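# Here is the input, now give the coordinates:
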Amino acid sequence: MNNTKHKTVKPHQTVTKQATPQRPTHIRCIFVATFIIVALVALFALFTNYYGEVLYRVQELNLFLYTPLFFKQQLVVPGGFLTWLGTYFTQYFYHPWLGALLLCVWLAVMMHVAKYALRVPMQWALLLLIPAALIVITDVDMGYWIYYLKLRGQYFLTVIATTGVLLMLWLYRLLPARYHLRTVWAVLAPVLFYPLMGAYALVAAVLMAVLGWRLNPGHKSQNAISSALVLLSIVAMPLIFYRLVYYQTRLGNIYAAALPVFTVEGRYNIYYLPYVLLAVFVLFLVLMYGRWNSSRMQKPRAWWTSQVVLLVAVAAGTWHFWYKDPVYRIEIRMNHCVENLDWEGVLTAYRDLDDSVEPTRMMWLFKNLALFRMGRQGDEMYRYRDGAARSNAPFEVHMVQVGAKAIYYNMGQINFCYRWCLEDGVEYGWRIEELTYCLRCALLNGEYQLAQKYADLLRNTKYYKQYANKYQRYIDNHSLIRSDTEMKPILPMMHIADVLTSDNTLVELYLLNGFAHTDSKVYPLEEQAVLCAMQIKDIATFWERFFHFAPMLGSRHMPTHIQEAAYLYGHLENKVDISHMPFDKDVVQSYNDFMAKAQQCAGMSEDQMKELFYPQFGGTFYYDYFFIRNQKTY
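Predicted coordinates for the structure are as follows:
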């Protein structure tokens, strides 16, 4: 007898089906797709128009060689394959628009893979802008770290690695549950991919173990065993690889391989925050697997509100953490102009700095170099705002890493340029910048076989083959060096004693003292000597240099600032008779006005007088001598 009770339906009752999740509307999908595209286009525009010079500088501090040896060299450390890929794509920043386009494409690929790997519905795909923003922040928040990071290809490495992690998760989800194939794949991931992806392979294994609990929620004991095996693999495999293969890697870094090391005279762990948040967000996507269709997440008002808030938060957060220091960007722009021999561009960049922002000594040296090359330093050096702003970085930034190679090279200090190229090449790895300067230094030093070595290396790059071919002509025909537009002005500056000494990383002080105490019979070198003696404000040294320099002028006009220094020193000490020197009327009038105003302002503090005198006398040596002091070089 069947004891099952059957319910009867009364006439007034209706049978309702169980509510099914509402499918996303076409409007929502179009909205999401549109704003993802808009976000990537906006990012591309920012990179090319606002950060183009920085991107170009990044590729100068990068090196990718199309040789088997270069590939093998990257693989001597865990995660080397990521480095190889990162440096490959970074070279395209030679054209900032092209590199920016490739970076945006990689971000789009990463989001596409994340959507399908973890089955994120299209209506919630806007959330995938969060990992994209975090990846962008790891790049654009570096600032001066681009000079000090030893990890290559950083700008592309994180997005490539994240895409790789998501692909591993995708494959894990697609594998059938039988025969424990998913467990085998998760356990083998550190074995197979740690050499290629470093720490990212370990993170992928953790995420796969968590995803296993979401895919098979009813098999707790099986999931626990699988998670334990994965954890054992994560802990053991880096140690095994360290003992057998990667013994050159520090033991403390084996679990963080392929991550940048933010260490300069101290460790700055705050820069790892975007990486941690990126891992946490992917973990969130894993935990949300299969939960996207809850009724609470389908309510129109809540959905639209959440999307607007998300867009505003992503845009505001990315811009907030973007390193926007104008001094940093102008320094890089000036360095690029120096490389292109665009001396007027150097001065334009210096003038573009807002009056409320103090320039750095690096900018001051770039500006002086440009004026010197244009024959205007003695007349215009003090017409630009002086300054000694500290670089906006949490660590001590040294000029030798930022732009000193360009200064040393163009001022004829070839051995010091070469020395810092070698030191940075050993410390941070060889980069395009070091190779190009080493090639030119070897040519100027007459070391043609060495120059050939560097030219051959540059021929194995994508964008510097023509650069190598240009200088190959000078290797083959040495006499052409003297007619080269770039090298011709440098040759006279090399008539200086070649001594083995040290700059103690204080580039400006070394150059000022070195040139000020140089006795030369070469016009441009002697002009620089008297200008440097003037800047160190050593009166005796100035007069010594002045009387060597003056006879060399012939019919040429004595530079204005040198006249100002001579007129001032002549009145300060009365040890040198300046009564017969042909000073310009403007120089004499300016001095008289300066001293008259100084008498009127008697009793004021130096800071008050400094501000009061600047509009009228800020462009004179008088102002520099009395009010500019204690400038900090680095």
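# where's the residue nearest the centre of the chain relative to residue 518, distance?
Nearest residue to the geometric centre of the chain (Cα atoms, centre = their mean): residue 146, 3.3 Å. Computed as Cβ to Cβ, to the nearest Å, the residue 146 to residue 518 distance reads 35 Å. The way it works is simple: take the backbone N, C-alpha and C, and place the C-beta from them, glycine included.
# close enough to count as contact, the residue nearest to the centre of the chain and residue 59?
No. Using Cβ atoms under 8 Å, residue 146 is not in contact with residue 59, being 10.5 Å away.
# List the residues that contact residue 431.
With contact taken as Cβ atoms under 8 Å, 6 or more residues apart in numbering, residue 431 is in contact with 60, 61, 62, 63, 424, 425.
# Actually, residue 411.
Counting by Cβ under 8 Å, 6+ apart, residue 411 touches 369, 490, 493, 511, 515, 528.
# ok, these vs residue 308, which is closest?
Of all the contacts of residue 411, residue 369 has the smallest distance to residue 308: 50.6 Å, by Cβ to Cβ.
# what number of residues lie near that closest one?
The tally of other residues near residue 369 (other Cβ atoms under 10 Å) stands at 20.
# That one sits in which helix or strand?
Assigning secondary structure by DSSP states H and E places residue 369 in helix 361-373.
# Downstream of that helix, the next helix or strand is which one?
Past helix 361-373, further along toward the C-terminus, the next helix or strand under DSSP H and E is helix 377-380.
# next SSE after that next one?
Scanning forward in sequence from helix 377-380 by DSSP H and E, the next helix or strand is helix 399-402.
# sorry, back to before: can you redo the contacts of residue 431 as a markdown table with secondary structure?
Shown next, in a markdown table, are the contacts of residue 431 (DSSP: H, G, I helix; E, B strand; the rest coil):
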| residue | secondary structure |
| --- | --- |
| 60 | helix |
| 61 | coil |
| 62 | coil |
| 63 | coil |
| 424 | helix |
| 425 | helix |
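# For the stretch 401-550 of the chain, just list every one of the strands.
Counting by DSSP state E, counting those that start in this stretch, the stretch 401-550 of the chain has no strands to list.
# Low-confidence stretches in it?
By pLDDT under 70, the low-scoring segments of the stretch 401-550 of the chain are 498.
# Helices of that one, residue ranges please.
For the stretch 401-550 of the chain, the helices defined by DSSP state H, counting those that start in this stretch occupy 404-410, 414-428, 432-444, 448-458, 465-476, 507-516, 523-536, 539-553.
# Out of the ones you listed, which is closest to residue 234?
Comparing the helices of the stretch 401-550 of the chain by Cβ to Cβ, helix 414-428 comes nearest, at 30.1 Å.
# related to what we said a few turns ago, any idea which of the helices of the stretch 401-550 of the chain gets closest to residue 108?
Closest of those to residue 108 is helix 432-444, at 27.9 Å (criterion: Cβ to Cβ).
# What lies in contact with that closest one?
The contact list for helix 432-444 (Cβ under 8 Å, 6+ apart) reads 59-63, 405, 409, 414-415, 417-418, 421-422, 424-425, 448, 450-451, 454-455, 457-458, 461, 464, 467-468, 471, 474-475, 481, 486-487, 490-491, 494.
# So residue 120 sits against residue 286, correct?
No. Residue 120 sits out of contact with residue 286 when judged by Cβ under 8 Å, with a separation of 10.8 Å.
# Break down the stretch 151-300 of the chain into its helices, ranges please.
Going by DSSP H, counting those that start in this stretch, the stretch 151-300 of the chain shows helices at 154-174, 181-197, 199-215, 220-244, 273-287, 300-321.
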